[in-house]
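Trainee: Would you be able to build a 3D model of this:
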Amino acid sequence: FGAEVKRRVLLGTYALSAGYHDKYYKKAQDARAWVKRDFEGAFESADVLATPTMPVLPPERGESLDDPLSLYLMDANTVPVNLANLPAVSVPAGESAGLPVGMQFVGPAFGEETVIRAASAVEE
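Mentor: Just a heads-up that it's a prediction; the model follows:
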């Protein structure tokens, strides 16, 4: 594994270790429930959500990825979807400053078909 994957595994292991379970895990579960409720509210008035896959441009080929904060920022739009356990797909959506950008489609629980139809429409 690369350095970033190792860092995330170690942080997760630490948070679940004896003595820290209640301190971190319970708070994380509460935050997860809050994120899920927020998405449920959004789906009361939308069938699918479209967001940029990343809030920043991707690194250029060969560019160093040593800054953990930059790496976390790249995940900022995908992490909440995973926390809420929702279906999502990312598709190419053009370029910005000569770099590829992606569009992420997110659906409600069991809304995979809608997510795939939306993504297919953009790809065509």
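
Trainee: Locate the residue of this protein with the greatest distance from its centre.
Mentor: In the chain, counting by C-alpha atoms, centre = their mean, residue 19 sits farthest out from the average C-alpha position, at 28.7 Å.

Trainee: can I assume it sits in a strand?
Mentor: No. Counting by DSSP: H, G, I helix; E, B strand; the rest coil, residue 19 is located in no strand; its state is coil.

Trainee: does residue 5 sit in a helix, a strand or a coil?
Mentor: The three-state assignment at residue 5 reads helix, by three-state DSSP.

Trainee: the longest helix in this structure is where?
Mentor: When the chain is parsed with DSSP state H, its longest helix is helix 26-42.

Trainee: roughly how far is it from the heart of the chain?
Mentor: 14 Å (C-alpha atoms, centre = their mean, to the nearest Å).

Trainee: Check stretch 8-23 too.
Mentor: Offset of stretch 8-23 from its chain centre (C-alpha atoms, centre = their mean): 21 Å.

Trainee: in its sheet, what does the following helix or strand past the longest helix of the chain sit against?
Mentor: Next helix or strand after helix 26-42 toward the C-terminus (DSSP states H and E): strand 49-52. Paired with strand 49-52 in the same sheet, following DSSP bridges, are strand 99-106 (antiparallel).

Trainee: Check which element follows the partner strand along the chain.
Mentor: Downstream of strand 99-106, the next assigned helix or strand under DSSP H and E is helix 112-123.

Trainee: Return the distance of the most centrally placed residue in the chain relative to residue 54.
Mentor: Against the mean C-alpha coordinate of the chain, by C-alpha atoms, centre = their mean, the closest residue is residue 78 at 1.0 Å. Here the criterion is C-beta to C-beta, to the nearest Å. By it, residue 78 lies 8 Å from residue 54. (Glycine included, C-beta is placed from N, CA and C.)
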